[in-house]
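1. Got a predicted structure here, sequence first:
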There are 2 protein chains.
Amino acid sequence: MEIRHIAIVGTGIMGNSWAIVYARAGFRVSLYDREAGPRALAPQKIRTALEHSRPLLRDGDTVDGVLERITVRGELVDAVSGAQFVHECIEEKIDSKKAIFAELSKLAEPNAILASSTSSFPVSTFASELDNRERCIVVHPATPPHLLPVTEVCPAPFTDEDVTSAVFALLRECGQVPVLIKREIPSFVLNRLQGALIVEMFRCLNDDIISPADMDTIISEGFGLRWAFLGPFEAADLSSSGGVREYFERFGFIFNAIASDFGIAEPVVVPASIDKIERYVRERLPISAIASRAQWRDESIISLRTLKISQRSPTLDSDGPSGGIE
Amino acid sequence: MEIRHIAIVGTGIMGNSWAIVYARAGFRVSLYDREAGPRALAPQKIRTALEHSRPLLRDGDTVDGVLERITVRGELVDAVSGAQFVHECIEEKIDSKKAIFAELSKLAEPNAILASSTSSFPVSTFASELDNRERCIVVHPATPPHLLPVTEVCPAPFTDEDVTSAVFALLRECGQVPVLIKREIPSFVLNRLQGALIVEMFRCLNDDIISPADMDTIISEGFGLRWAFLGPFEAADLSSSGGVREYFERFGFIFNAIASDFGIAEPVVVPASIDKIERYVRERLPISAIASRAQWRDESIISLRTLKISQRSPTLDSDGPSGGIE
């Protein structure tokens, strides 16, 4: 079933941003909110967001052109009528998710895919009882999706494989970058990765080892410049002439010590996982090309530093990194 | 004592990169390695790194100009003679650090600052016994420092405060961004923050929840685009209309759950630390300016996405993010 028409439930930050993603890619979008207030504000909010992100419009498209593809509806049944894909973006409460999915399962087209933007609840926790549960799936983005492409896709064990494939195809057509969460876990992966970093930042802060400003600086003037282009595994691959295997075989003990410091009993850097990482990086990059890829990384970082200078914020009282000592 | 002449001990990746940082800023640099092989290769390696990072040269400076300020020396005593600042960049072994600092304490100028690039050992673990221990300090950068500005500065309890101040001034003059590690802990902060993220990536991998490619993508097509401009605390501040206090009061339980999942017994998001974070962000940005700062963030992310398209790597077999499902 080809997706042409998409319904979005909820006009918060997430719903409005998804409306932009889909309408920007040419889809017709029906946008619903049960509250009249947010519904009335949605078109202007979407217009502003589109005006601030013009470089992401497709060639020849305009803000008005995107807006014309979005219709705000006051009744859920009208919003989902004719939609092959429904994206739920309501409040993050399990009872609310259960209620809206029960309703969608009755009102939506029989073959429609029912996706949830939930950041924490696996599908199984709110859609197991539904007749069409095989068409339910989590599609959770980084916020806001119209700016950050990565999107977690997490099917339940009962989700139809064709549904997962169709979601991947849809997201890619929209310029998003879907990733697959293979097994249902609370909070999926995106928030767990960010969470691990923030947990460690709080631990350092609670122990008064460093100021909060200096920790932000470690990211924005350090790792962030690299992670804008490369994930940590690929970055590690470029940090050792023998590639990622050499890197983690040599420095794995450091990460195991940090894990142990957290209270994690078992070593985390284990041979089977190093094997997986190596297969992934070596499939993309032969070891002989590490040096030229590293040069690309360096040029990218330099371009980003130049960009950051030209992008200096007019808002801050004192610009540049803060913290350190005076 | 004004710093004019800097000695670097070790011509590995770290030593050569520091030579670039200091010589680029106009300092005279003596570069020493006890091994003839690396010593002979250093000038060509430095030249190549300088050619790849021309945009970071000061106005009117040239690759040859920087190289002329660097002299390779075959004897340690010659390298440190006349140097007001000595930066040790040898192998990461505690016995080697002890031995070289004992030697430097005898050979260097009496008032010279003795800095170590160590990524893991506090000064107290290798310089406590020295007569001039009050002039010893850790100056540990993100790698390589000639591209990534952030640098950890960690004095021992016995380090002279003037030494710490002089190091901050020197690094800032070189365009680096120093941060202060207030108390000596193994691995300082930079590697602990990166480590926390990598530990969680390995845990997800060990449990087969997601592929390594997809985890890299979560960073490089998600958080990395934001962290290139903003640290996680400032980013959180822009994610809630009530700022960082509202954000962590509302979502703190998520991070505490992640901490508990690691095995950390106590909650990590505690009121005293939220207070500290709020003081830091509110000093820089009034709450009324959050919206315009958020707009700056969005424009920055869009510029970076445009830059990434123009920076596509010629090296990879298949470009763009990998992973997901086919």
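-> Right, received. Where do you want to start?
2. could you say which helix or strand contains residue A:115?
-> strand A:113-116 (DSSP states H and E).
3. near chain B at all, that strand?
-> No. Shown here: strand A:113-116 not in contact with chain B (CB under 8 Å from any CB of the partner chain), separated by at least 15.3 Å. C-beta coordinates here come from the backbone N, C-alpha and C atoms, glycine included.
4. now stretch A:85-102
-> No. Under the criterion of CB under 8 Å from any CB, chain B is not reached by stretch A:85-102; the shortest gap measures 9.9 Å.
5. end-to-end on that stretch?
-> 16 Å (CA to CA, to the nearest Å).
6. quick one: buried residues of that stretch?
-> Buried residues in stretch A:85-102, counting neighbours by 16 or more other CB atoms under 10 Å in any protein chain shown, are found at A:85, A:86, A:87, A:88, A:89, A:90, A:97, A:98, A:100, A:101.
7. Which members of those are positioned in strands?
-> Counting by DSSP state E, these place A:85, A:86, A:87, A:88 in strands.
8. TSV please, covering the residues you listed and showing pLDDT and distance to residue A:291.
-> Listed next are these as TSV, based on pLDDT from 0 to 100; distance: CB to CB, whole Å:
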residue	pLDDT	distance to residue A:291
A:85	98	45
A:86	98	49
A:87	98	44
A:88	98	47
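9. Am I right that residue A:22 sits in a strand?
-> No. Counting by DSSP: H, G, I helix; E, B strand; the rest coil, one finds residue A:22 to be helix, located in no strand.
10. Was I right to think it contacts residue A:31?
-> No. Residue A:22 is beyond contact range of residue A:31, at 9.9 Å (criterion: CB atoms under 8 Å).
11. shared neighbours, these two?
-> Here residue A:22 and residue A:31 have residue A:8 as joint contacts, going by CB atoms under 8 Å, 6 or more residues apart in numbering or on different chains.
12. These two: which is more packed in?
-> Between residue A:22 and residue A:31, counting by other CB atoms under 10 Å in any protein chain shown, residue A:22 is the more crowded of the two (29 against 26).
13. Among the ones in strands among the buried residues of stretch A:85-102, find me the one that's closest to residue B:151.
-> residue A:87 (44.5 Å; CB to CB).
14. Name whatever forms a beta bridge with that closest one.
-> In this entry, residue A:87 is beta-bridged to residue A:8, residue A:115, by DSSP bridges.
15. and what of residue A:180?
-> Beta-bridge pairing for residue A:180 (DSSP bridges): residue A:153.
16. so how far is chain B from the residue nearest the centre of chain A?
-> Nearest to the geometric centre of chain A sits residue A:142, at 2.7 Å (CA atoms, centre = their mean). Remark: distance between residue A:142 and chain B (CB to the nearest CB, to the nearest Å) = 4 Å.
17. wait, doesn't that residue sit right on residue A:150?
-> Yes. Using CB under 8 Å, residue A:142 is in contact with residue A:150, at 5.1 Å.
18. which residues are in contact with both of those two?
-> A:190, B:218, B:221, B:222.
19. Tell me the one among the residues you listed nearest to residue A:295.
-> residue B:221 (22.0 Å).
20. The closest one: what secondary structure?
-> Under three-state DSSP, the three-state class of residue B:221 is helix.
21. got a pLDDT number for it?
-> pLDDT recorded at residue B:221 is 97.
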